[in-house]
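> I would like the atomic coordinates for the input below:
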Amino acid sequence: MNTKPQFGNGVEAQHERFETDSHGDIYIVGDVHGSRIILERLLIKLDLEDDDLVVFVGDLVRKGPDSPGVIDLVREDPRLVSVRGNNEQKVVRGDKHPDWLREGDREYFESLPVAISFNDVLVVHGGIDPQQSLSDHTVEELLTMRSPHGDGYDGPFWYDDYDGPHRVFFGHTVHDHPVEREHAVGLDTGCVYGGTLTAYDYWNDEFLTVEAKKHQERANSKIVDPA
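Residues are numbered from 1 along each chain as shown. Model prediction:
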């Protein structure tokens with residue numbers, strides 16, 4: 001199945017699609033949250049070639065120690081691309097004014113697509129509502145989706161009931177290890193909370209991780225066991 005996801009006009013204008021025949025290895029990486037050193041370690045582990053592609057699920061920034069360093073790593077390497085996360089969106093909307101924000105950073109966040117797709121893959125930050133067509137989703141829903149018909153971290157989570165057709169890669173909700181379902185792969189494994197930074201190797205169907213440092217505390221009730 002290689003059908004392009006169809007969004008409504010508001011999202012479609014911010015949807016970027018890649019053709020895989022122009023790329024070698026393809027990796028999808030979880031929430032970095034300003035952890036530049038950990039990201040550098042992961043990129044060394046991936047040992048990228050010139051035609052490889054790394055897609056981030058958003059939340060490159062905030063909470064960790066070096067958001068500008070993460071921005072520069074991703075922005076300056078054409079092999080690295082990202083969807084927009086809810087933490088970038090908070091800066092775009094003007095809800096957050098972090099002291100590390102530089103001239104041009106807000107515009108960069110605004111330029112990030114809300115969705116990236118290739119083959120049968122759809123990358124968004126939060127997820128999708130399985131009871132709603134893609135064309136009916138708003139930008140905010142794609143950035144913050146967690147339990148659209150449940151109760152926050154008590155679930156049920158959107159991926160519990162999602163059965164395709166696209167395979168959705170997402171972050172936003174912190175898990176103690178990656179979510180691996182037929183049609184949903186969750187990659188936020190708590191990098192900034194002392195967990196790991198996780199990458200998924202698309203062609204080889206395997207996870208690669210590096211241990212991270214704790215920069216913020218997080219209640220156990222907000223770290224989900226995907227089992």
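> Mind naming the longest helix for the chain?
helix 36-46 (DSSP state H).
> Could you pull up the mean pLDDT of that helix?
For helix 36-46, mean pLDDT is 98.
> Does anything pack onto it? Which helices or strands?
helix 67-75, strand 196-201, strand 206-211 (3 or more C-beta pairs under 8 Å, 6 or more residues apart in numbering; DSSP states H and E). Just so you know, the C-beta spots here come from the backbone N, C-alpha and C atoms, and that holds for glycine as well.
> The last one vs strand 196-201, what angle?
Right, strand 206-211. With axes from the mean of the first three to the mean of the last three C-alpha atoms, to 10 degrees defining the directions, strand 206-211 sits at 160 degrees from strand 196-201.
> Run through the neighbouring helices and strands of strand 206-211.
So strand 206-211, by 3+ C-beta pairs under 8 Å, 6+ apart, packs with helix 36-46, strand 196-201.
> Poorly predicted segments of this structure, please.
Within the chain, the ranges that satisfy pLDDT under 70 run 1.
> ok, now which ones touch the most centrally placed residue in it?
Nearest residue to the geometric centre of the chain (C-alpha atoms, centre = their mean): Val57, 1.3 Å. Each residue near Val57 by C-beta atoms under 8 Å, 6 or more residues apart in numbering is listed here: 28-31, 82-83, 85, 123-125, 169-172, 187-188.
> quick one, what contacts the residue nearest to it when sequence neighbours are not counted?
Excluding the flanking residues, the one nearest Val57 by C-beta to C-beta, 6 or more residues apart in numbering is Gly171, at 3.7 Å. Contacts for Gly171 (C-beta under 8 Å, 6+ apart) come out as 30-31, 57-59, 85, 125-126, 186-188.
> Out of these, flag the one nearest to Asn204.
The closest of those to Asn204 turns out to be Leu187 (C-beta to C-beta; 15.5 Å).
> Ser111 and Leu187, how far apart?
Distance of Ser111 to Leu187, given as C-beta to C-beta, to the nearest Å: 22 Å.
> do the same with Glu12
Using C-beta to C-beta, Glu12 is found at 24 Å from Leu187.
> Name the residue in those two with the higher neighbour count.
Using other C-beta atoms under 10 Å as the criterion, Glu12 and Leu187 rank with Leu187 on top: 26 against 15.
> The more buried one reaches Leu197, doesn't it?
No - counting by C-beta atoms under 8 Å, Leu197 is not a contact partner of Leu187; they are 9.0 Å apart.
> Between the two, which contacts overlap?
With C-beta under 8 Å, 6+ apart as the test, Leu187 and Leu197 both reach 29-30.
> for the closest residue to Thr20 other than its chain neighbours, which residues make a bridge with it?
Using C-beta to C-beta, 6+ apart and skipping the chain neighbours, the partner closest in space to Thr20 is Phe118 (5.4 Å). With DSSP bridges as the criterion, Phe118 is bridged to Val121.
> ok, Phe118 - contacts?
Phe118 is in contact with 17-20, 26, counting by C-beta under 8 Å, 6+ apart.
> can you tell me how far it sits from Val11?
Going from Phe118 to Val11 by C-beta to C-beta gives 17 Å.
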